[in-house]
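1. the following comprises the amino acid sequence and a computationally predicted model.
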Amino acid sequence: MGVSRRGFLKTLSVIGTGTLAGGPSARASGTSPHGDRSNDMGVLVDVTKCIGCRRCEFACQEAAGFDPPDIESFEDKSVFSAQRRPVPRSHTVINRYANAEGGAPVYAKFNCLHCLDPSCYSACLVTAFSKRADGPMVYDASRSWAAAAA
């Protein structure tokens, strides 16, 4: 006799509850599949307060070790005429959107999240991405499709 859908789900929930309640886990054992995570940091951004100054773009480029242009160049608001996405030497970008309720425009920050298990790394067919031991994802433009075609 086969198992009904309800019986299968009931069994699955019991197994899941048992694993959560007393089963071994990386967190419980004090280890992580990603190595020592005790020095990890994050950035908390309140996007409702963003005024589109783009200083976070400058700071991101500087922190990543890139040679950013002068801070005054980030005052150029003409970049908001087109939607932008993060690129190899600019991991953070701000986009402007019209406010649906009228009034001041709304700004949205897009940035590389330097994920623990990044899908961009595993999905890249030309292995242009690499993950540094200290966390950040690194993109090698010389390995991209465009570089290979040139």
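-> Alright, I've got the coordinates.

2. drop to CA atoms for contacts and neighbour counts, all remaining ones
-> Fine.

3. show me the contact partners of stretch 109-123.
-> By C-alpha atoms under 8 Å, 6 or more residues apart in numbering, the list of residues contacting stretch 109-123 from outside reads 34, 47, 85-86, 91-95, 127-131, 135-137.

4. what pLDDT, on average, does stretch 113-131 get?
-> Averaged over stretch 113-131, pLDDT sits at 81.

5. then stretch 68-81?
-> Stretch 68-81 carries an average pLDDT of 94.

6. any idea how far that stretch is from the chain center?
-> Centroid separation between stretch 68-81 and its chain, computed with C-alpha atoms, centre = their mean, to the nearest Å, is 23 Å.

7. could I have it exported to CSV, CA atoms only?
-> C-alpha atoms of stretch 68-81 as CSV (Å, rounded to 0.1, in the frame of the first residue of the first chain):
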residue,chain,number,x,y,z
PRO,A,68,37.6,55.9,-7.5
PRO,A,69,37.2,59.2,-9.4
ASP,A,70,37.0,62.4,-7.4
ILE,A,71,34.1,62.6,-5.0
GLU,A,72,32.8,65.6,-6.9
SER,A,73,32.1,63.4,-9.9
PHE,A,74,29.5,61.5,-7.8
GLU,A,75,27.5,64.7,-7.7
ASP,A,76,26.6,64.1,-11.4
LYS,A,77,22.9,63.2,-11.3
SER,A,78,22.7,62.5,-15.1
VAL,A,79,23.5,58.9,-14.3
PHE,A,80,20.0,58.5,-13.0
SER,A,81,18.6,58.8,-16.6
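
8. which other residues reach that stretch?
-> For stretch 68-81, the surrounding residues in contact (C-alpha under 8 Å, 6+ apart) are 53-55, 57-58, 61-62, 95-96.

9. for PyMOL, what selects the buried ones among the contacts of stretch 109-123?
-> Selection of buried members from those for PyMOL, criterion 16 or more other C-alpha atoms under 10 Å:
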select buried, resi 91+92+93+94+95+128+129+130+131+137
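
10. in helices only, show me the contacts of stretch 109-123.
-> Among those, none falls in helices (DSSP state H).
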